[in-house]
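Participant: okay, sequence plus prediction incoming.
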Amino acid sequence: MTMEKRKFGKTDMEFSVLGFGGAEIGYNPNQTQEDVNDLLNSALDAGLNVIDTAAAYKTSEKLIGEAVGKRRSDYYLLTKCGALDAFTRFDWTKKGILETIETSLRNLRTDHLDLAQLHSCDSETLNRGEAIEALQRAQEKGYTRYIGYSGDNEDARTAIELDVFDSLQTSLSIADQSSISGNIPFAAGKSLGIIAKRPIANAVWRSKEKPADSYHYEYWDRIQKLKFDFLNDPLEESIPAALRFTLSVPGVTTAIVGTTKPDRWQQNADHVRQGPLSKEEFDAIRERWAEIAGEDWMGEV
């Protein structure tokens, strides 16, 4: 099967428009290795060629390495460093970052990454330079082919301005549009590859009640105010529309979607094969955002 691929910035890589995000499997206490094996192999078979994870995502890297380490030539492998132990600890030192990447390589059962990213560090950390030097050293040692930044808002702008990164991973969805007129065109203008995280806003409209997990609160609150008409459609129509909106934003190469369900990948692949939204559909979502969004509706880190 085939899936649309887009050139990833100034790199030599072409990413499938749909990528796999490894956070959910890492944080799921009931996740089995067998299901991850099925999930990732079916995703690769459906034409996906991007797997994104992080050292902070608990067991994610080990699960991925076990599942598809033997298929390493079939996908581009991305991970993140600096944030550790489910974001309870951070190490932006050169030694710490290099050691983290070495551990990631072992867990992922590979000798190199295609992209190593700093995981949402702030502008002060970026400007100190040590974390960036660590990534550059990892690149020199052959640990990673390219280096990137994952984050949002002013910190992401600082990362773009530094002119050292090959990519930006940032929040983008129907409920998180501030980057569309800000960091995304800025990064695209510098030929950075752009990865959209949280591209369906965690599909928070599935619930009529406020979700129990505070992680979803901000998007749920925004959706209650935005009240997009298409969210009244069945989920099998509204979720694909939301995903296609994200992939319709100029400059975006791939949208990283996480799931714990092996049968979801064929569905997702079918969704993205429908292509971008029409100009009318896209503009309606943008206009609604411009009308309703508060000035404090920044990118969710």
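Facilitator: Sure thing, it's come through.
Participant: make sure I51 is indeed in a strand.
Facilitator: Yes - secondary structure assignment (DSSP: H, G, I helix; E, B strand; the rest coil) places I51 inside a strand.
Participant: helix/strand/coil for I147?
Facilitator: Secondary structure assignment for I147 (three-state DSSP): strand.
Participant: return the per-residue confidence for it.
Facilitator: Here, the pLDDT recorded for I147 equals 98.
Participant: contacts only, for it.
Facilitator: Residues near I147 by C-beta atoms under 8 Å, 6 or more residues apart in numbering: L115, A116, Q117, I132, L135, Q136, A138, Q139, V164, F165, D166, S167. Any C-beta I mention is one placed from the backbone N, CA and C, and that applies to glycine too.
Participant: so the first one is in contact with C81, correct?
Facilitator: So that's L115. No - between L115 and C81 there is no contact under C-beta atoms under 8 Å: 11.2 Å.
Participant: compare the two (neighbour count), which wins?
Facilitator: Set side by side, L115 and C81 show more neighbours around C81, with 30 against 27, by other C-beta atoms under 10 Å.
Participant: what is the spatially most central residue of the chain paired to in the beta sheet?
Facilitator: With the centre of the chain defined as its mean C-alpha position, the nearest residue by C-alpha atoms, centre = their mean is K197, 3.2 Å away. Partner residues in beta bridges with K197: S171, with DSSP bridges as the criterion.
Participant: D176 now?
Facilitator: Those that pair with D176 in a beta bridge, by DSSP bridges, are S173.
Participant: and the lowest-mean-pLDDT helix or strand in the chain, what does it pack against?
Facilitator: Confidence across the helices and strands of the chain bottoms out at helix 264-272, with a mean of 80, counting by mean pLDDT, DSSP states H and E. In terms of contact count using 3 or more C-beta pairs under 8 Å, 6 or more residues apart in numbering; DSSP states H and E, helix 264-272 is assigned the packing partners strand 18-21, helix 33-45, helix 235-247.
Participant: 10 Å - rerun?
Facilitator: strand 18-21, helix 33-45, helix 235-247, strand 254-257 (3 or more C-beta pairs under 10 Å, 6 or more residues apart in numbering; DSSP states H and E).
Participant: any idea of the mean pLDDT for the second one?
Facilitator: Pointing back at helix 33-45 there. For helix 33-45, the mean per-residue pLDDT is 93.
Participant: for burial, what's the neighbour tally of D74?
Facilitator: Number of residues near D74 (other C-beta under 10 Å) recorded here: 13.
Participant: so where do the strands sit in the stretch 1-150 of the chain?
Facilitator: Listed in chain order, the strands of the stretch 1-150 of the chain (DSSP state E, counting those that start in this stretch) span residues 5-7, 14-16, 18-21, 50-52, 76-81, 83-84, 89-90, 113-119, 144-150.
Participant: nearest to L243, out of these?
Facilitator: L243 sits nearest to strand 18-21 of all the strands of the stretch 1-150 of the chain, at 8.1 Å, using C-beta to C-beta.
Participant: just checking: what are the partner strands of that closest one?
Facilitator: strand 50-52 (parallel), strand 254-257 (parallel).
Participant: can you list the ones you listed in a markdown table and add mean pLDDT?
Facilitator: Putting the strands paired with strand 18-21 into a markdown table (pLDDT from 0 to 100) gives the following:
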| stretch | mean pLDDT |
| --- | --- |
| strand 50-52 | 98 |
| strand 254-257 | 96 |
